[in-house]
Each structure stands twice: as C-alpha cells, then as structure tokens.
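Engineer: What shape does this take:
(chains A and B, ligands or ions: 2)
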Amino acid sequence: MIRVRFHGRGGHGMKTASRILGTAAFLEGFRVQDSPLYGAERRGAPITAFTRINDHPILERGIITIPDLVLVADETLLEDPLANPFLGLHAGSLLFINSPTSTQAMAEAVAARHPTPARILTGDLTALTLEKIGKAQALSATVGAAACKLAGVIGMGALEKATRKELEELGLPSPLIDRNLEAALLAFEQTPRVPLASAPPQPAPLQGLVVPVYQPPARGTPSVAAPGNIILRKTGGWRIFRPVIEYDKCNQCWICFVRCPEGAISLDEKEDPHIDYDHCKGCLICVEECPTKAVVKEREVHAW
Amino acid sequence: MAIEHAYKKLKEISLEEFILPGTSTCGGCGGLEALRLAHKVLGKNVVFVNAAGCFTLLALFPFSPFKGSWLYTTMASAPAGAQGIRDALDLLIARGALSIEEDLQVIVLAGDGASYDIGLASTSGAIYRNLDFWYFCYDNEAYGNTGVQMSSATPYAARTTTTPAAVLTPEGTELPKKDLFEIWRAHCPPYLATVSPRHPLDLARKFEKAKAFKGPKLFIAYSPCPTGWHYDPGQTPEIARLAVETGLWALKEAVHGEVAHTYIPKKLKSVEEYLQAQGRFAHLFHPVRQEAALRKIREAITQYWAPYLRTMQNAK
Ligand SMILES: Cc1ncc(C[n+]2csc(CCOP(=O)(O)OP(=O)(O)O)c2C)c(N)n1
Ligand code: SF4
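Structural biologist: Numbers count the residues shown, from 1 in each chain, chains lettered A, B, ... in the order given. Ligands and ions are numbered 1, 2, ... in the order given. Take a look at the predicted model:
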C-alpha cells in the first residue's frame, strides 16, 4: 500500500489534489481511498488530506500517521505545529516541499530545525502555477501531478483524465481546466522519479472497546477561563500576499481600520493605521478598499 | 433612553476591539466583519449564545477571542440557551447577587442554516415569549461550516455543493431565498433590521437604536463568504456594496412591525455585475448565458422595489 499525506492551507486545493491522485490511481486499476481531515478547515488554515493506493481492498481507515509520501504545498507549514507535516516520516518515506529553495538547501535547513529520517525533495510548483494558471494558490493540479509522479505507479494519461474529471466536478470553466491540465503535465514532467521504500509495520488497531465514562458538565465540558487569549494564536502564516502601508500616501480616513474583519489594523494617536502582521490573514480588503492606494501588496517570502 | 451616538461619520466608530484576532474564520469573512462592527456598538457587557456554525470557530478550545462570555449550543437551540441565561441573570439581579450595572445583554449568534432552517422554531418561541435578547444572524446564504450546502437562505440560481449546476438543474438552486425578515416581522418584535458590513454607519445606527427596546432585537447581517461564494477575499466589501446597489439586499428596519428602508439606491445597478463577480453564479454565463434564469432574477428585484420606488416618485 502507498500512503500519501497532503498538507496545505485552505484555498490551496489539497483536498482536490488528493482526489486527483486517488482518481488517477483508480484509473490505473488500483483500489483507492481519499479523504480530507474534517475539522476547522478554513481558507488559509492548515488542511490535511490523505490518499491510500493499494492493489487489493483497503481495510485501513482514518488519518495516515505513517506516510510513504508527504507533499507540502506551502513551506510555512513546516513550522506550523497544527499542521505537523513531519509526523510519522520514516527512512523510506519522501517529503516533497513546494518551494523555490533547492533540494540541498532545503534538506540542510530541515536537518537543522526538524531532523527527520525521510528524504527531501523540493520543486517550485508555485512559479509554474502562477505562470500557467495565474493564481499562486491554485495548486491542486500541480501538486496532484507531482504526487502522481512520485507515487510511481501512475502514467500521464491517467493523470490527465483524473485532473479533467475532478476539475469539471468543481464546475471550473473549460479554458481554466485546459490551463490547469497544461500546468499539471509540466509539473509531472519536471518532478523526478524517486523510488518509495515500503513503510515499516503500521501500528496494530486498538483491541477491545473503550467504554465512555460520564463526567459532570464542570469536568466534561471544555471551558475557557482566559478571555481574549486567542491573541496567542498567530494567523500571520496564512498570508500569501502581505499588505504594506505607504504612509506618505495615507490620508487617515479610517477605511482600512473599519473594513478589516479581523481587527488586525489599529490606529495610533495620529490616526495612522498599523497592521498586526502576527494576525493579518492577508485577505487584502485594505489593499482593495484604500481610496488613495496607500496599501500595496507584496508577495510573502517564506524562507527561514 | 437617549441615543449616545448618532454615527454620522466613520470616525465615531469605536477604536476598541471586542473580538481579538487569531480566530479560525476565513480571511475576508464578511460575517466576522459585520459582527466586529456590531460588537463595537454593543460594548463589553454581552454574553453570546452561539449555534453550531462557522462562528463556533471564533472560540477554539482552549482559546477565546471574546473579552466576555460565550456559550456554544446545538444548532437548533441557541434561543433556548438565551432564555436560560436571561432567566439566570434576572434571578441573580432579583436576589441582589448582580447589580443592574453588571447586567449582560444576551446575544444569539447563528448562521442562516440555523436561523432560516433548523433553529426557526426555537427562535419563533423566543420572540413569542418576548424574551429580552438580541439575535445576530450572519447570512452567508449556505451551510458554510460544513462545506457550503444549500440552505433556505441560498438565493435562486446560486451553486452550492448540494445544488450543483447539472443537466436537470442547469441554474443550480431552484427555489428562491426564504424571506426571514417577513417571517420574523409577523411576530411583531420591537426591533428588526437588516444590515451589511459595507454600510458600517447604517449598521451602527441600527444597533444603537435597538438598545432602547426591551424584548427581541433581531438582525440579519448580509455576510459575503469568499469561500462559499467563490471570489477573492479582498472583494468582500465590493460584493456587499453591489448587493445593496443592485437592490438584491435591502437595508431596512421594522419598529414594532412598521417597515422603513434606511437606504434606497437612486438607480438600481445591473444585477449581472453582482452575479459575474462570484463563482457561485458562473454557470449563468458559461458555457452559455442562461437568459431565463437571469430574467427571473431581474424580475424578482423589480417586483420587490416597485412599490417603494413608486412611493418615492410620488413623493417628488
Ligand atoms: C442538528 C445538527 N445537524 C448538523 C450539524 C452539523 N453542522 C455543524 S455547523 C453546520 C452548518 C451550519 O450552517 P449555518 O447555520 O448556515 O452557519 P455557517 O456554517 O454558514 O456559519 C452543520 C450542518 C449540527 N451541528 N447539528
Ligand atoms: S466559510 Fe464563509 S462564513 Fe464561514 S468563516 Fe469562511 S468566509 Fe466566513
């Protein structure tokens, strides 16, 4: 069995990428299973999706804790404890990171920060996606294609059919599907073939039943007694673009402050706006709404 | 009660934040934008009762963005939860355990699925009992939290995951949006209003005005949802502006059942501008224009506004 885990942010299309891989493997005659992790997934928040590929029926269920192949759509996720892409990597597994950084430089950076037995490979799928599709975050086709190549058992024909099928189901207009297909085939070609080694034995399933015990509400209900402590949670890593204020153009009109849904823009005593980059999710409402164009956007650079 | 703020200028909006950043709602969430603005008017003495939905992700164990209290209820029973909290507060006040100054406003937070569908019965009960509470429905026109399924607030011809544009249903959603404003109004609550985050002063004035009423104070907030409606998050205010300018979202209030529009567009913009800005309506234009569906949308708008525009013209 090949166990593949995808890590991305909501909006990257990792659920679709896992489906493209699943459908392509199905078209090649395999048994497959694909599913996203249901949770607090939101545009920008860490997302996980899974695909299992096998030549006989798959009895395993649930999340993949010991993966053979992990694909990371956005390198900031390497640092995100909620995503935890390093979970369960073993010497036979491969960690693919979408990044402009070279494989060697990335391997060194990872070794210094998150030592892992897995082999590392990088590829700049964002550049390809931007060039062919025009949207940096529309990564489902290119990451799906890289996964197909790395899974090692899928040909270009199946990839093409699967990509078309999955994107049609999402209701994408056909010119956009064509651009995605072109990008997918290029991603498939540019991704090298790296043999996957088989995984060490998976943990045995739980034996027996766990009987739930009643707890009174004071113990059995989660409660938070620290008002406003969500400020400790940083959502700045969700950004793909960063809004930057050019103060010489700002006329202190308050519009960016009023329109920011997060309350991540505050005004100082001179009524100059300040962006809280720890929490700004990069929705870019301020960039769109500033009447004097004093808020501009810059591509986030995610190097360590 | 004297009106504290007239909210004539943007610069009257409070600088204090009552919902702190770090929540898990999507970047560009129009519902959060509306709630943040409303909370600035309501101030700190509030307790929220939240029906399951996207806003339950505002508080994410072990974190809370609120400076005050928040209770999570099942989807259908937030107004019942509000009743319990109101009763408890009243008992504490009667016993002298809580001073009037420390009293809290009880506010239901619920999405359109909870408000228009599954929680409608418990809301009807609470309004009927004249419960002293606020209701903030953030209407993102679908079940957002579970991946954008159709609700009875989904407008005609919008695509959701359960109403795809398909051979038998080329227009996607076949039924028109339920008129919750009128359903609530039939109960004759003291105050009822629609708001939009793109009209922060209109929104602030309505919340300020509602403070004078005891009993149900009900709000439906138009809440553009980049994730469910398929547009870039930065467009949230523009989508909201178009909804109002095309006449699709009427800004109005009803005091003891008497309806007044708080903003009437001088000339309605073409609704196609609104529809084309969102992926959920893309199938109305590609691969072929669905003229019949577009006509139906235009006609519904004309029909809604005809009496008001006529009254306006007569007044001239
Ligand atoms: C009785 C019940 N059915 C289903 C659910 C699962 N559920 C959780 S949130 C949600 C969506 C709620 O939609 P809506 O009220 O429109 O709020 P939104 O998610 O759009 O914020 C659903 C169906 C539930 N919690 N309770
Ligand atoms: S799905 Fe829509 S309503 Fe829900 S948090 Fe995201 S933007 Fe807001």
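Engineer: State the distance from A:D276 to A:T292.
Structural biologist: Separation of A:D276 from A:T292 (Cβ to Cβ, to the nearest Å) stands at 21 Å. Just so you know, the C-beta spots here come from the backbone N, C-alpha and C atoms, and that holds for glycine as well.
Engineer: So those two - more neighbours on which side?
Structural biologist: The residue with more neighbours, out of A:D276 and A:T292, is A:D276; 18 against 12, by other Cβ atoms under 10 Å in any protein chain shown.
Engineer: burial count for the residue lying closest to that one once chain neighbours are set aside?
Structural biologist: Nearest residue to A:D276 in three dimensions, chain neighbours excluded: A:A264, at 4.5 Å (Cβ to Cβ, 6 or more residues apart in numbering or on different chains). Counted with other Cβ under 10 Å, the neighbours of A:A264 add up to 27.
Engineer: can you pull the contacts of B:K252?
Structural biologist: Residues counted as contacts of B:K252 (Cβ atoms under 8 Å, 6 or more residues apart in numbering or on different chains) are B:181, B:193-194, B:259-262.
Engineer: re earlier: so the residue nearest to A:D276 makes contact with A:G282?
Structural biologist: No: in this structure, A:A264 is not within contact of A:G282 by Cβ atoms under 8 Å, at 9.9 Å.
Engineer: the strands in the stretch 151-300 of chain A, which residues?
Structural biologist: All strands of the stretch 151-300 of chain A, identified by DSSP state E, counting those that start in this stretch, fall at A:241-245, A:265-267, A:273-275, A:295-299.
Engineer: So for ligand 1, which of those strands sits nearest?
Structural biologist: strand A:265-267 (24.0 Å; Cβ to the nearest ligand atom).
Engineer: picking that back up, please give me every residue in contact with the residue nearest to A:D276.
Structural biologist: Here A:A264 is in contact with A:275-276, A:279-281, B:21 (Cβ under 8 Å, 6+ apart).
Engineer: JSON lines for the residues you listed, including pLDDT?
Structural biologist: What follows is those, written out as JSON lines (pLDDT from 0 to 100):
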{"residue": "A:I275", "pLDDT": "98"}
{"residue": "A:D276", "pLDDT": "97"}
{"residue": "A:H279", "pLDDT": "96"}
{"residue": "A:C280", "pLDDT": "96"}
{"residue": "A:K281", "pLDDT": "94"}
{"residue": "B:P21", "pLDDT": "97"}
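Engineer: Which member of the residues you listed is positioned nearest A:I120?
Structural biologist: Comparing the contacts of A:A264 against A:I120 with Cβ to Cβ places A:K281 closest, at 28.5 Å.
Engineer: any low-confidence regions in chain B?
Structural biologist: For chain B, applying pLDDT under 70 flags the ranges B:1-4, B:311-316.
Engineer: contacting residues for the single nearest residue of the stretch 51-200 of chain B relative to ligand 1?
Structural biologist: Residue of the stretch 51-200 of chain B nearest ligand 1, by Cβ to the nearest ligand atom: B:G111 (2.0 Å). By Cβ under 8 Å, 6+ apart, the contact list for B:G111 reads B:31, B:51, B:53-55, B:137-140, B:143-145, B:151.
Engineer: so is residue 131 in a helix, a strand, or just coil?
Structural biologist: Since no chain was named, I'll use chain A. helix (DSSP: H, G, I helix; E, B strand; the rest coil).
Engineer: can you list the residues of the stretch 151-300 of chain B near chain A?
Structural biologist: B:159, B:164-165, B:197, B:200, B:226-227, B:232-238, B:279, B:282-283, B:286-287 (Cβ under 8 Å from any Cβ of the partner chain).
Engineer: Which residue is it, in chain A, that comes closest to ligand 2?
Structural biologist: For chain A and ligand 2, the shortest gap (Cβ to the nearest ligand atom) falls at A:R42, measuring 5.5 Å.
Engineer: So which residues on chain B come close to ligand 1?
Structural biologist: Residues of chain B lying close to ligand 1 (Cβ under 6 Å from any ligand atom) are B:52-55, B:74-75, B:110-114, B:140, B:143-146, B:151.
Engineer: from these, which ones fall inside helices?
Structural biologist: B:D112 (DSSP state H).
Engineer: buried subset of the residues of chain B next to ligand 1?
Structural biologist: Using 16 or more other Cβ atoms under 10 Å in any protein chain shown as the burial test, these include B:52-55, B:75, B:110-114, B:140, B:143-145, B:151 as buried.
Engineer: nearest to A:G228, of the residues you listed?
Structural biologist: B:F55 (16.3 Å).
Engineer: Tell me who's in contact with the closest residue to the closest one other than its chain neighbours.
Structural biologist: In space, and not counting its chain neighbours, B:F55 is closest to B:L109: 5.1 Å by Cβ to Cβ, 6+ apart. Listed by Cβ under 8 Å, 6+ apart, the contact set of B:L109 reads B:35, B:48-51, B:55, B:78, B:136, B:138.
Engineer: out of those, which are inside strands?
Structural biologist: Using DSSP state E, the subset of the contacts of B:L109 located in strands is B:48-51, B:136, B:138.
Engineer: tell me the two of those that are most distant?
Structural biologist: With distance counted by Cβ to Cβ, no two of those lie farther apart than B:V49 and B:Y138, which are 14.0 Å apart.
Engineer: Excluding sequence neighbours, find me the nearest residue to the residue of the stretch 101-250 of chain B found nearest ligand 2.
Structural biologist: Relative to ligand 2, the nearest point of the stretch 101-250 of chain B is B:C225 (3.1 Å; Cβ to the nearest ligand atom). Closest residue to B:C225 apart from its sequence neighbours, by Cβ to Cβ, 6+ apart: B:N140 at 3.8 Å.
Engineer: Look up phi and psi at that neighbour.
Structural biologist: B:N140 adopts backbone torsions of phi -100, psi 20, taken as degrees, to the nearest 10.
Engineer: and residue 85, what is it in contact with?
Structural biologist: Unless you meant another one, I'm taking chain A. By Cβ under 8 Å, 6+ apart, A:P85 lies in contact with A:5, A:7, A:70, A:72, A:77-78, A:95.
Engineer: other chain: chain B
Structural biologist: So B:I85 contacts B:47, B:49, B:71, B:104, B:106 (Cβ under 8 Å, 6+ apart).
Engineer: got TSV for the residues you listed, with distance to A:K297 and neighbour count too?
Structural biologist: Formatted as TSV, the contacts of B:I85 follow (distance: Cβ to Cβ, whole Å; neighbours: other Cβ atoms under 10 Å in any protein chain shown):
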residue	distance to A:K297	neighbour count
B:V47	38	20
B:V49	38	27
B:L71	39	16
B:L104	41	16
B:V106	41	26
